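Q: Next input, structure requested:
(chains A and B)
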Amino acid sequence: NAGVTQTPKFQVLKTGQSMTLQCAQDMNHNSMYWYRQDPGMGLRLIYYSASEGTTDKGEVPNGYNVSRLNKREFSLRLESAAPSQTSVYFCASSELGADNSPLHFGNGTRLTVT
Amino acid sequence: AQSVAQPEDQVNVAEGNPLTVKCTYSVSGNPYLFWYVQYPNRGLQFLLKYITGDNLVKGSYGFEAEFNKSQTSFHLKKPSALVSDSALYFCAVRDMSTGGFKTIFGAGTRLFVKA
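A: This is a model prediction of the structure:
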């Protein structure tokens, strides 16, 4: 099993450009998440999808949009990239509402906005 | 509000010595606590969790963690460190006030194990 797969692995954008980060999981998990990781700040939740058909804002949603395409796929879109969005982005999945279920992470997308 | 603190940016230990990575938390209600490890250019991997029960929790790769309610701590430990344990470690708490869908992470502690 691949687990959680993210594409692309690396991306460089110019300010104002747009892009979509793709994420797919093959563990039949109901819940999916997008985090960003910045040095010294841990991981911060951008958006999450508790189940297919629902999405909700996390801690830092400004400048991002998400789409839960189906149970397997959850994409993150930057409509107009800004240098402050330079970060490493992680997608994760877990069982719906299970309080003892850990997060399963992809290997990340390293995004640089110039 | 839920929060997690990892007071040490970095921990250095010699191979074969015991290691401790510290974590304190602040939650309303019962804590749901996790430790994750991150190796270079990889996503986070789950190590262990505390939900309820014994205060000493055993996890992957020989790691364990001690839950202390009075001190609101959840320190990660290993009796004998390996060079391969060198990585970035994150403590996390699940925010059950929002249905459990939000996990709050500490800033991370980098562990260096010297041969």
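
Q: What helix or strand is residue 93 located in?
A: Since no chain was named, I'll use chain A. Using DSSP states H and E, A:S93 falls within strand A:87-94.

Q: wait, I meant chain B there
A: In this structure, B:V93 sits in strand B:87-95 according to DSSP H and E.

Q: Run through who's touching that strand.
A: The contact list for strand B:87-95, computed with C-beta atoms under 8 Å, 6 or more residues apart in numbering or on different chains, reads A:42-43, A:99, B:2-4, B:6, B:21, B:23, B:25, B:27, B:31-40, B:44, B:47, B:74, B:76, B:100-106, B:108-111. For every residue, glycine as well, the C-beta is placed using N, CA and C.

Q: interface residues of chain B facing chain A?
A: Contact residues (C-beta under 8 Å from any C-beta of the partner chain) of chain B with chain A: B:4, B:9, B:32, B:34, B:36, B:41-46, B:49, B:51, B:90, B:94, B:96, B:99-103, B:105-108.

Q: so after whichever strand or helix holds B:T103, what's the next helix or strand?
A: Per DSSP H and E, B:T103 falls inside strand B:102-105. As assigned by DSSP H and E, the chain's next helix or strand after strand B:102-105 is strand B:109-114.

Q: Relative to that next one, what are the paired strands and their orientations?
A: Here strand B:109-114 has these sheet partners by DSSP bridges: strand B:10-14 (parallel), strand B:87-95 (antiparallel).

Q: highest average neighbour count across these?
A: For the strands paired with strand B:109-114, average neighbour numbers computed from mean count of other C-beta atoms under 10 Å in any protein chain shown are highest in strand B:87-95, which has a mean of 23.

Q: Using CSV, write down the CA coordinates of it.
A: Output of strand B:87-95 as CSV, limited to C-alpha atoms (Å, rounded to 0.1, in the frame of the first residue of the first chain):
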residue,chain,number,x,y,z
ALA,B,87,15.3,13.0,13.9
LEU,B,88,12.8,15.7,14.6
TYR,B,89,10.2,14.7,17.2
PHE,B,90,6.7,16.3,17.6
CYS,B,91,4.4,16.1,20.5
ALA,B,92,0.7,16.7,19.7
VAL,B,93,-2.7,16.9,21.4
ARG,B,94,-6.0,16.2,19.7
ASP,B,95,-8.6,19.0,20.3
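
Q: what is the mean pLDDT for it?
A: The average pLDDT within strand B:87-95 is 94.

Q: now do stretch A:89-107
A: Averaged across stretch A:89-107, pLDDT comes to 85.

Q: Run the chain-centre distance for it.
A: 11 Å (C-alpha atoms, centre = their mean, to the nearest Å).

Q: tell me the contacts of the spatially most central residue of chain A?
A: The residue lying closest to the centre of chain A (C-alpha atoms, centre = their mean) is A:W34, at 2.6 Å. Residues near A:W34 by C-beta under 8 Å, 6+ apart: A:21, A:23, A:45-48, A:58, A:64, A:66, A:74, A:76, A:89-92.

Q: Quick check: which element contains it?
A: Using DSSP H and E, A:W34 maps to strand A:31-37.

Q: and the very next helix or strand once past that strand, what does it pack onto?
A: Using DSSP H and E, the helix or strand that follows strand A:31-37 towards the C-terminus is strand A:43-49. On a contact count with 3 or more C-beta pairs under 8 Å, 6 or more residues apart in numbering or on different chains; DSSP states H and E, strand A:43-49 meets strand A:31-37, strand A:56-57, strand A:64-68, strand A:74-78, strand B:102-105.
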